[in-house]
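> With the input below, show me the fold.
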Amino acid sequence: MFSNKKNISLIFAFFIAVMFISSCTEVTAPDDKKAPDTPLNFTLLGGGDGEAYFRWTSNKESDFYKYRLYRSESLTDTFRVIAELQQTEYVDLYLDYETTYYYYLTAIDFALNESDPTPIIDVIPLNISSPSPPTQLFVTGLNNPIRAELEMFVSWTPPNVSDINRFFIYRSETKDFTAVKDFLIDSTIISSYVDKNVSVQKRYFYKIVAIDRGGKRGPASESGTDIILGSPKLIQPSNTTKFSSPYNFVWQQVDSVFNYQVFVSKGPFSNVLWSSKKQTRTEVVYTGPKFESNSIYYWWVAAYSKDKITLIDGSKIDPEINSYSTIWSFYID
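Modelled structure (predicted):
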């Protein structure tokens, strides 16, 4: 009994000694009150077309955290922070052409000390250049009688500038046309457009022109084209009839088709059971999973107007379905 009390006393005394030694040897770092160096070589690389592009020399201090970029529209007004970043360049976008903007830069360390500011830079981002032409113009026709959709979907990549106001859309039925008023069909503020004033089995060509906020007009894009194909007419198996082996699907030829594809499903446009490979022929034998007895299935044909689409990086993607047939059903005994 006495021995246990003695051991407990020794353990307690050892614990007190360790705590005392720890408190005596603890080192408290002094508060960091030293501000980082002012950023060097804060420079305006370019200003115009509603943008201002800055660059500066990287801060090499071990406790550097980030930069703060300030902007004002007057030397007498309060400057406000427009960006906090660790990179050594910045582009200020969506500026007014005729306004004078003032900028300075500071550095921040991990203790949130802020350096003295750089000298102030002023810039008037005048409207200097016309926009570049839009690129990657894609045109996709759509004829879906089930949903009563008949349209051309046009999309493009806008110029890499911040002062675009809108896009003018031009259309012709000939490839080598000039984007002039006679062919102007509409304008939009986004980089896509749906043209519903179209007809089946007619090819359309489109060009896009970018207009900036100052009214400057850029060159027209390259033309993009597609045709709205007619809807494939189904032949065999007839609608709501019994279907027997060898399960050969047949439909009528559509002019200007590049490929067809047949779909078989357990529901209209849903639960697709099988789709054929794309082909130019107007019939195909079913090679999918075995049909279930006493069951109803649905089939339809998709028509494509083009082959693979080539992107600006050289990669290729599959085209969208251009035209749909109606949906027919068949019965497996």
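> residues touching residue 103, list them.
44, 52, 54, 69, 70, 71, 92, 120, 121, 122, 123 (CB atoms under 8 Å, 6 or more residues apart in numbering). In short, each C-beta sits where N, CA and C put it, glycine included.
> buried residues in the helix or strand hosting it?
Using DSSP states H and E, residue 103 falls within strand 101-109. By neighbour count on 16 or more other CB atoms under 10 Å, the buried set for strand 101-109 is 101, 102, 103, 104, 105, 106, 107, 108, 109.
> Can you name the next helix or strand after it?
For strand 101-109, the succeeding helix or strand toward the C-terminus, using DSSP H and E, is strand 121-123.
> count of neighbours near residue 209?
By the criterion of other CB atoms under 10 Å, residue 209 has 21 neighbours.
> Does it have any beta-bridge partners, and if so which?
Following DSSP bridges, residue 209 is listed with bridge partners residue 168.
> now swap in residue 301 and tell me
Beta-bridge pairing of residue 301 under DSSP bridges involves residue 262.
> Tell me where the model's unsure across this structure.
1-30 (pLDDT under 70).
> Break down it into its helices, ranges please.
2-25 (DSSP state H).
> so what are the domain limits for it?
Split into domains by automatic domain parsing, the chain comes to 43-123, 135-227, 234-332.
> what's the closest of the buried residues of strand 101-109 to residue 210?
residue 101 (24.0 Å; CB to CB).
> how far away is that closest one from residue 72?
When distance is defined by CB to CB, to the nearest Å, residue 101 is 7 Å away from residue 72.
> do residue 199 as well
56 Å.
> When those two are compared, which one has more neighbours?
Just comparing residue 199 and residue 72: by other CB under 10 Å the higher neighbour count belongs to residue 72, 18 against 8.
> ok, that one touching residue 80?
Yes. Counting by CB atoms under 8 Å, residue 72 touches residue 80, with 7.0 Å between them.
> For residue 144, which residues are in contact?
150, 323, 324.
> who wins for neighbours among these?
With neighbours taken as other CB under 10 Å, the top of these is residue 323, carrying 26 neighbours.
> does that residue have beta-bridge partners, and which?
Under the criterion used (DSSP bridges), residue 323 bridges to residue 143, residue 303.
> That one is in contact with residue 261, isn't it?
No. Assessed by CB under 8 Å, residue 323 is found out of contact with residue 261, at 11.1 Å.
> Please enumerate the shared neighbours of these two.
residue 302.
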